[in-house]
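Peer 1: have a look at this fold, sequence not included:
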């Protein structure tokens, strides 16, 4: 099973999506979008921008856990990872996004 984007309703009538790896783990969570069309555009942006390592910003949280954000060409954040206990685990997460995002199908749970 390949990775997939899961498009969901968010609070306040907004929309968001998760990218799930083939094992069902969430590897990237989007920001919230006012419109469904914006969330669908965000998915296309992840597909396009996920292949370039320079679009990933590696970060360390205040609790010393590692995470990354994926940015579009215009430097807008389009997705954020979960927290990882090691830098190596974070790098594996980035590789998973690179592998899964470009060809991932969309499962629309908003209908």
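Peer 2: Yes, it's here. Predicted model, so just to flag it, every value in this text is computed and none were measured. Numbering: from 1, shown residues only.

Peer 1: on the three-state scheme, residue 93 is what?
Peer 2: Following DSSP: H, G, I helix; E, B strand; the rest coil, residue 93 is assigned to helix.

Peer 1: residues touching it, list them.
Peer 2: Residue 93 makes contacts with 27, 68, 81-82, 84, as judged by CB atoms under 8 Å, 6 or more residues apart in numbering. For the C-beta atoms, the positions are set from N, CA and C on the backbone; glycine is no exception.

Peer 1: which helices and strands does whichever strand or helix holds residue 27 pack with?
Peer 2: In this assignment (DSSP states H and E), residue 27 forms part of strand 26-29. On a contact count with 3 or more CB pairs under 8 Å, 6 or more residues apart in numbering; DSSP states H and E, strand 26-29 meets strand 15-20, strand 77-80, helix 87-100.

Peer 1: report the buried residues of the longest one.
Peer 2: Neighbour-count burial for helix 87-100, with 16 or more other CB atoms under 10 Å as criterion, is recorded at 90, 93-94, 96-100.

Peer 1: so which of the helices and strands packed on strand 26-29 gets nearest residue 49?
Peer 2: Distance to residue 49, taken as CB to CB, is lowest for strand 77-80 among the helices and strands packed on strand 26-29, at 6.7 Å.

Peer 1: ok, and what's touching the closest one?
Peer 2: For strand 77-80, the external contacting residues (CB under 8 Å, 6+ apart) are 19, 28-31, 42, 45-46, 49, 67-72, 97.

Peer 1: give me that answer again for 6 Å
Peer 2: Applying CB atoms under 6 Å, 6 or more residues apart in numbering, the contact partners of strand 77-80 are 28-30, 42, 45-46, 69-72.

Peer 1: of the residues you listed, buried ones?
Peer 2: The neighbour-count test (16+ other CB under 10 Å) marks 28, 30, 42, 45-46, 69-71 as buried among the contacts of strand 77-80.
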